[in-house]
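Could you look at this predicted model? Sequence included:
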Amino acid sequence: MKLTLRKKASFLILFMALILAAVAIFISYSVHSETMDGHYKTLAQNVAKTAAVTIDNELIQKYTEGVKDIYLENTSPEFSNDSEMEEYFKKYEVLFDEDYSKLFKELEEVKLSNGVLSLYIIYIDKDSKTCVYVIDADNTETGCPAGTWDIIYEQNYDVLENPEKGFDSYITNTEEYGWLCSAGEAILDDNGNVIAHAMVDLSMDNVMKERYTFLRNLCIIMLIVALAILILFIFVVDKSIIKPINSLSSAARRFVDNMSSGEDENNESVFNELKINTKDEIENLLHSVQFMEKELHDYINNLSKVTAEKERIGTELNIATQIQADMLPSIFPAFPERSEFDIYATMSPAKEVGGDFYDFFMVDDRHLAIVIADVSGKGVPAALFMVIGKTLIKDHTGPGCDLGEVFTKVNNMLCESNSEGLFITAFEGVLDLVTGEFVFVNAGHECPYVYRKGKAYELYKLRPCFVLAGMENMKYTVGSLKLEEGDKIFQYTDGVTEATSLDEELYGDDRLEAVLNKNKDKAPAELLPLVKEDIDKFVGEAPQFDDITMLCLEYKKKM
């Protein structure tokens, strides 16, 4: 096995655990980030509101107007040296009085008490879209002196149209200031007009570092949880699924090995030894396999008995086949000392034993009798009935006897012992070797083909009598025909003309007549194999449904 069930299950659960961990990390990180961002935004907004309502708005208005006038004189101050910068800021000295210092301390107190990074007051120049610092609660070099200006970011343009709304909390990240959370609140005069804005900046650098630390720790925890789940899953699956399945597989291999080696003759159960108590489908599978094993043992035992019985019957059928074959004349030439005639016959049973039979024998020194018959049905019953019929016909055929009376007696005797309702179609003829007269009787059998020397085989049409063993006290009419030297009689059973191909087409009389005339000059021993070969070629792979029996008699010369 390239990939075991354990590996497949482990890969699947690990994949699912990683997906769940990733989802959990994403959700947890998002919730944590939104919570922290919301907290700082609210804090920045609250500090801005506190500064806006606690400081003296009259002082703010005073200094805003002063800074605004100086800003309008030079909206973009540029200094080539320090003296120019000092000269520029002297303009602000009129503003830096005791009130300015008091305002600075108030802002600084709010800043320090709330732990913010920056707290400053600005006024907004709508035309230039800039903001000018009025006062910054930062007296270090990072603070922005009064008059310093900066642009307003596009995301805050709404304050230009609605200055009373102030600056909504927002978070920025710049290379110069890092992560900042900023907010602004409008400072109003006594008439409710906006005179400036109190701005707050909260540093979020530590927050972002904590956020990254939180994300890293969360990933580590989720990975540990995923691995723990995987280990637990492998343990549970191995105990409840893998091991029981492997036990079933091993038992199945032992069962097959025992069956192959013959060690399972005592019907010892391999699967009953297994102890699987999973209380689920696997345990149910074990019970099903145990039942299957028992049924299989029973089936094998029955099959062994049936096989043994079949072998016994087969042996008996082989013996019966041989006995039947020995009952029919099979040594050719049959009468090597006789030159007046030539005879040849064959019988191919559809089963091990057949119901067709043929016979030929000398009635006396100048008369030759031929018999061909077909018992209804096939197999052993037909073969046994064939033996009786053949024996009775031969026993009752004697010198000078009437063939009609022979069939009448045989018919009555067969009817007496015919509890199975079988019947026989039979044809018997006696040839006078001196005169060539051929006397015959036909009990429901096929009409023969007669060959006249130098001509062709033709069907000798006659009206057959009733079958043998069909009804008692039947009268049978005798017919006769005259044979000349070189004439032949071909007689057969219905297995010849009713031979069926794979397309369920019958061989028929036309094909039989054609092959006979194609080989009309052949001797009987050569003719019959050629007819059988033509039948086999026509039938192909189709099974044989009926016995095929043929007999050919050639009258060579007068005695």
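Received it, and whenever you're ready, just let me know what you need. Numbering: from 1, shown residues only.

roughly how far out does the lengthiest helix in the chain sit from the chain middle?
When the chain is parsed with DSSP state H, its longest helix is helix 5-54. Helix 5-54 sits 45 Å away from the centroid of its parent chain (Cα atoms, centre = their mean, to the nearest Å).

Counting by contacts, list what it packs against.
helix 98-114, strand 118-125, strand 167-174, strand 178-188, strand 194-203, helix 205-237 (3 or more Cβ pairs under 8 Å, 6 or more residues apart in numbering; DSSP states H and E). Just so you know, the C-beta spots here come from the backbone N, C-alpha and C atoms, and that holds for glycine as well.

Which one, of these, ends up nearest to residue 251?
Closest approach to residue 251 among these (Cβ to Cβ): helix 205-237, 20.0 Å.

Nearest to residue 559, out of the helices and strands packed on helix 5-54?
Of all the helices and strands packed on helix 5-54, it is helix 205-237 that lies closest to residue 559, at 98.2 Å by Cβ to Cβ.

Mind listing what's buried along the closest one?
For helix 205-237, a neighbour-count test (16 or more other Cβ atoms under 10 Å) marks 207, 208, 211, 218, 222, 226, 229, 230, 233, 234, 237 as buried.

Kindly report the same for stretch 183-196.
Neighbour counts over stretch 183-196 (16+ other Cβ under 10 Å) mark 183, 184, 185, 186, 187, 188, 194, 195, 196 as buried.

ok, now stretch 331-349?
334-335, 338, 340-349.

Could I get the average pLDDT for that stretch?
Stretch 331-349 comes out with an average pLDDT of 92.

Centre of the chain to it, how far?
Using Cα atoms, centre = their mean, the offset of stretch 331-349 from its chain centre is 63 Å.

what about that stretch, how long is it end to end?
End-to-end distance of stretch 331-349: 18 Å, with Cα to Cα, to the nearest Å as the criterion.

ok, residues contacting it?
Contacts of stretch 331-349 with the rest of the structure, by Cβ atoms under 8 Å, 6 or more residues apart in numbering, involve 321, 324, 328-329, 354, 356-358, 360, 362, 368, 370, 372, 378, 431, 433, 495, 523-525, 527-529, 532, 544, 547-559.

Selecting buried members of those in ChimeraX, what would you type?
Selecting only the buried entries of these in ChimeraX, with 16+ other Cβ under 10 Å as the criterion:
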select :321,324,328,329,354,356,357,358,360,368,370,372,378,431,433,495,524,525,527,528,532,544,547,548,549,550,551,552,553,554,555
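
now, which of the contacts of stretch 331-349 lie within strands?
Using DSSP state E, the subset of the contacts of stretch 331-349 located in strands is 356-358, 360, 362, 368, 370, 372, 431, 548-555.

Report the separation between residue 445 and residue 545.
19 Å (Cβ to Cβ, to the nearest Å).

Between those two, which is the more surrounded one?
Counted by other Cβ atoms under 10 Å, residue 445 and residue 545 do not tie: residue 445 has more neighbours, with 24 against 12.

any idea which element the more buried one lies in?
Element membership for residue 445, per DSSP states H and E: none, as it lies in no helix or strand.

That one contacts residue 425, doesn't it?
Yes. Residue 445 lies in contact with residue 425 (Cβ atoms under 8 Å); the separation is 4.3 Å.

Quick check: phi and psi at residue 479.
The phi/psi pair for residue 479 (degrees, to the nearest 10) reads phi -120, psi 170.

Give me the distance between it and residue 458.
Distance, residue 479 to residue 458, by Cβ to Cβ: 16 Å.

Look at these two and report which has more neighbours.
More crowded of residue 479 and residue 458, by other Cβ under 10 Å: residue 479, with 17 against 13.

Next up, the contacts around the more buried one.
439, 440, 441, 442, 462.

In terms of distance to residue 257, which of these ranks first?
The closest of these to residue 257 turns out to be residue 442 (Cβ to Cβ; 65.6 Å).

Tell me, how many residues neighbour the nearest residue to that closest one once chain neighbours are set aside?
Sequence neighbours aside, residue 464 is the residue nearest to residue 442 in space, at 4.2 Å (criterion: Cβ to Cβ, 6 or more residues apart in numbering). The local packing of residue 464 (other Cβ under 10 Å) involves 18 other residues.

cool, residue 389 as well?
By other Cβ under 10 Å, 25 other residues sit near residue 389.

now do residue 451
When counting by other Cβ under 10 Å, one arrives at 22 neighbours for residue 451.

Would you mind naming the residues that bridge with it?
Beta-bridge partners recorded for residue 451 (DSSP bridges): residue 457, residue 488.

Surely it touches residue 520?
Yes. If you go by Cβ under 8 Å, residue 451 and residue 520 touch, sitting 6.1 Å apart.

what sits in contact with each of these two?
Both residue 451 and residue 520 are contacted by residue 457, under the criterion Cβ under 8 Å, 6+ apart.
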